[in-house]
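In: Quick one, what's the 3D model for this:
(one chain, ligands or ions: 1)
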Amino acid sequence: MTDQAPTAYAGPERVLSGVQPTGDLHLGNYLGALVKFARLQHEIDTFIFVADLHAITAWQEPSKLKHQVREIAAAYLATGLDPKVATIFAQSAVPEHAELAWVFNCVARLGWLDRMTQFKDKAGKHKERESVGLYTYPVLQAADILAYKATKVPVGEDQRQHLELTRDIAQKFNNDFNAPGFFPLPDALTQGPGARIMSLRDGTAKMSKSDPSDNSRINLTDDADAIAQKVRKARTDPEPLPETMEGLADRAEARNLVGIYAALAGVTEARVLAEFAGQGFGAFKPKLADLAVSVMGPIGGEMRRLLADPAEIDRILTDGAQRARALAAPTVAEVKKLVGFWAG
Ligand code: TYM
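Out: Numbering: from 1, shown residues only. Predicted coordinates for the structure are as follows:
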């Protein structure tokens, strides 16, 4: 290696992201992640997987897991991912993820993982009862991303800290193994009003698959009536909408609904306020319900249609896994050489 060796990653741009098959997908997953996947696939080489290795960090019923994976794959397809354009696969079908995660477990420091807020949120007071996998979960996420040398990771705001950890792992690996620029330092793509969608019942809590109240979220599989009813029942306040975003500073529920409208319509929040300033929720909610039904309504129907033919979904996932492996395997083989493994 010469003194002139490049220190920055010089490879191609690549998009990668994934979703866990652990329950019904909701509006937050759609606006924070899925809608961006469909858009990005036409701009950059895109890899989107179903994170079934991550799913088993909490108990999953073995007889149901495969179906859960197909459901997420169906959601990808129903929201516009094209398997001829993007590579769609199941994480467990590409063993390089787990292999690289082991090496990264030995690169990442305990202090780094101790700072992960999502582990603290999920484990609560009884962390000693959680799986070891839940603790090292973000290390596997770094492996997912770096096995493909991905540079852009479209995710919701809640994944930002995991992306920072991924960058730290990439940097330390490059330094430790004297391989400047081997791994890129990937960016989280979290821009836009959909990055943090809140519960419809509580504007201070994230919309989440695990919220016990189904009225707190709009599921991708909800029909038009359910969507409209959930919007109608969403918690709000009696004030009219203000003219600027500053006017929403202390109105978490109102801000959330304006953000949802903006993200669904593909416009800025300022545009939404310009249209609705001075109007109350009695006028705004029916408009939001119509918009949500028109965007989300067809997705559930399309998912059901796709799931009626699981063999076709499996064919897409099998083909995707082959394409994914063809990219990940040489990277992991290089990692093994750099680490000095006997089998490297
Ligand atoms: P998961 O399955 O919890 O969520 C999938 C995606 O949805 C986003 N999201 C939200 N966005 C906006 N508002 C919300 N209320 C909301 N809730 C969820 C998440 O940010 C995510 O983008 N660890 C990941 C899966 C994963 C992954 C990866 C992602 C595993 N390996 C590699 C990217 C790259 C997760 O649990 O997402």
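
In: Report the secondary structure element holding residue 305.
Out: Per DSSP states H and E, residue 305 falls inside helix 281-307.

In: For that helix, buried residues please.
Out: For helix 281-307, the neighbour count (16 or more other CB atoms under 10 Å) marks 281, 284-285, 287-289, 292-293, 295-297, 299-300, 302-303, 306-307 as buried. Every C-beta, even on glycine, is put in place using the N, C-alpha and C of the backbone.

In: which helices and strands does that helix pack with?
Out: helix 62-78, helix 224-233, helix 252-265, helix 269-276, helix 310-339 (3 or more CB pairs under 8 Å, 6 or more residues apart in numbering; DSSP states H and E).

In: 10 Å instead?
Out: Where contact means 3 or more CB pairs under 10 Å, 6 or more residues apart in numbering; DSSP states H and E, helix 281-307 is packed against helix 27-29, helix 62-78, helix 224-233, helix 252-265, helix 269-276, helix 310-339.

In: For residue 198, what are phi and psi?
Out: phi -100, psi 170 (degrees, to the nearest 10).

In: and it, what pLDDT?
Out: Among the per-residue scores, residue 198 shows a pLDDT of 98.

In: give me the number of residues near the residue in the stretch 51-200 of the chain that the ligand sits nearest to?
Out: For the stretch 51-200 of the chain and the ligand, the shortest gap (CB to the nearest ligand atom) falls at residue 156, measuring 2.3 Å. Other residues near residue 156 come to 20 when the count uses other CB atoms under 10 Å.

In: same check, this time on residue 38
Out: Neighbours of residue 38 using other CB under 10 Å come to 19.

In: Looks like residue 317 contacts residue 93 (just checking).
Out: Yes. Under the criterion of CB atoms under 10 Å, residue 317 is in contact with residue 93, at a separation of 6.9 Å.

In: intersection of neighbour lists for those two?
Out: By CB atoms under 10 Å, 6 or more residues apart in numbering, residue 317 and residue 93 have these common neighbours: 49-50, 69.

In: The helix holding residue 305 vs helix 62-78, what angle?
Out: 110 degrees (axes from the mean of the first three to the mean of the last three CA atoms, to 10 degrees).

In: about what we covered before: nearest to residue 107, of the helices and strands packed on helix 281-307?
Out: Evaluated over the helices and strands packed on helix 281-307, closeness to residue 107 peaks at helix 310-339, with 9.6 Å, by CB to CB.

In: quick revisit: among the shared contacts of residue 317 and residue 93, name the buried ones.
Out: 49-50, 69.

In: From the chain's centroid, how far away is the helix holding residue 305?
Out: 21 Å (CA atoms, centre = their mean, to the nearest Å).

In: Can you tell me, leaving aside adjacent residues, what's nearest to the residue in the stretch 1-150 of the chain that the ligand sits nearest to?
Out: Using CB to the nearest ligand atom, residue 32 is the residue of the stretch 1-150 of the chain that sits closest to the ligand, at 2.0 Å. Distances taken as CB to CB, 6 or more residues apart in numbering place residue 156 nearest to residue 32, at 3.0 Å, with adjacent residues excluded.

In: all strands in the stretch 51-200 of the chain, in order from the N-terminus.
Out: Assigned strands in the stretch 51-200 of the chain, in chain order: 87-90, 152-154, 187-189 (criterion: DSSP state E, counting those that start in this stretch).

In: That concludes my questions; thank you for your assistance.
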